[in-house]
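S.K.: Build the 3D model from these lines:
(one chain, ligands or ions: 1)
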Amino acid sequence: MNAVVTEALTRSYPGKRSDATPFVALDHVDLRIDEGEVHGLLGPNGAGKTTLCRILSTVLCPTSGTARVFGHDVDIAPNEVRRIVGVVFGGERGLYGRLTCKQNLRFWAALYGLHGSALRARVDELLERTGLANRADDRVDTMSRGMKQRLHIARGMVADPPLLIFDEPTAGLDPISARDFRALVTDLRGSGHTIILATHDMTEAEALCDRVTFIDRGRVIATENTIGIRNLVARVDAVEARQVPPDIVVGLRGVSGVRAVEQAADDSIRVLTDSETTTRAVLTFLLEAGVSQLNTPGPTLADVYLSLIEDRGMAVR
Ligand SMILES: Nc1ncnc2c1ncn2[C@@H]1O[C@H](COP(=O)(O)OP(=O)(O)OP(=O)(O)O)[C@@H](O)[C@H]1O
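M.R.: Numbers count the residues shown, from 1 in each chain. A predicted model of the protein is given here:
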């Protein structure tokens, strides 16, 4: 079964002046997300990811087109959709700073109709699952951003909805919390949940997602699994090298077909090329310059994303 189906889904925002043309944030988006899938939404700032997440969680209405969640139309049956969608937008909004973690969760659990021992058990389970058990009695306004983000995640899971939507869930999380989040997603996937993950983080998308939809200025530019995306943009390739003298790095930038040369702090470099032919030219260039620590890891999702967006003249952060 499809967890999410959108057809020609379009959302415009009013222009700034009364006579201004409306701004189209989502433009005829067709999307299918299978039940049990972890589906990534990738795109630069302003691509429309949040707008899509908001429509799927009934916070925003479509301007035209349709969106259905497990068969329920977000416009026609928003209450049914709300019962089966948990959403984590993050940030400071929606948490009660003067209440403790546990009190916040109890409040939301009560809103979802839980009470008594079932409510207490659910709240304790969520505190445990999101790594907040030892902060249960701390006031939220004394907690770090990362801890608040964990609470947002717990909140989204209160009703154990079959579809969870995470919008930039690891923004502001330290690496350990981000790792914990990934473990949580894997765990949720294992228990049959469908997950939508809007993110800028390629590594996260690559590590977690079964499929990824690339969005560019409100339009879907590709939906593929990781392997499919790599095949789609076969001209993207990469060479990694260590201990490359600075003048050789400069020379590399002049090799025809080199898209970019990225330098890492650990004296390694990553050369993005436009084809296997260029990759061979780069390898020859480096070997002739005496560089022997070489690796051809193949393109990552990040490389593919950069290439797709660059082709459309977009700036990428
Ligand atoms: N309430 C609004 N009124 C007018 N324009 C809006 C509104 N909300 C979003 N937009 C515009 O719609 C476009 C899509 O925004 P959206 O937040 O969906 O993108 P995004 O992909 O989530 O970006 P980011 O990664 O920066 O959050 C942007 O150009 C944004 O400025």
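
S.K.: can we go C-alpha only for contacts and neighbour counts from here?
M.R.: Fine.

S.K.: in the longest helix seen in the chain, what counts as buried?
M.R.: With residue count as the measure and DSSP state H as the assignment, the chain has helix 175-190 as its longest helix. Neighbour counts using 16 or more other Cα atoms under 10 Å place 177-178, 180-182, 185-186, 188-189 of helix 175-190 among the buried residues.

S.K.: cool, stretch 267-278 as well?
M.R.: Buried residues in stretch 267-278, counting neighbours by 16+ other Cα under 10 Å, are found at 269-276, 278.

S.K.: Tell me both backbone torsions, phi and psi, for the nearest residue to residue 174 once chain neighbours are set aside.
M.R.: Excluding the flanking residues, the one nearest residue 174 by Cα to Cα, 6 or more residues apart in numbering is residue 146, at 6.9 Å. With angles defined as degrees, to the nearest 10, residue 146 shows backbone torsions of phi -60, psi -40.

S.K.: so what's residue 146 up against?
M.R.: The contact partners of residue 146, by Cα atoms under 8 Å, 6 or more residues apart in numbering, come to 172-174, 177.

S.K.: nearest to residue 241, of those?
M.R.: Top of the list for closeness to residue 241, among the contacts of residue 146 and by Cα to Cα, is residue 174 at 28.4 Å.

S.K.: how close does residue 154 sit to the ligand?
M.R.: 21 Å (Cα to the nearest ligand atom, to the nearest Å).

S.K.: Ok, residue 255 next?
M.R.: 34 Å.

S.K.: So which elements touch the longest helix of the chain?
M.R.: If contacts are counted by 3 or more Cα pairs under 8 Å, 6 or more residues apart in numbering; DSSP states H and E, helix 175-190 sits against helix 202-208.

S.K.: Dump stretch 249-256 to PDB, restricted to CA.
M.R.: The C-alpha atoms that make up stretch 249-256 are tabulated as PDB, following Å, rounded to 0.1, in the frame of the first residue of the first chain:
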ATOM      1  CA  VAL A 249      46.100  20.900  -6.100                       C
ATOM      2  CA  VAL A 250      46.200  24.100  -8.200                       C
ATOM      3  CA  GLY A 251      47.200  22.100 -11.300                       C
ATOM      4  CA  LEU A 252      44.300  19.700 -10.700                       C
ATOM      5  CA  ARG A 253      41.800  22.500 -10.900                       C
ATOM      6  CA  GLY A 254      43.000  23.100 -14.500                       C
ATOM      7  CA  VAL A 255      42.400  19.500 -15.700                       C
ATOM      8  CA  SER A 256      39.600  19.500 -18.200                       C
END
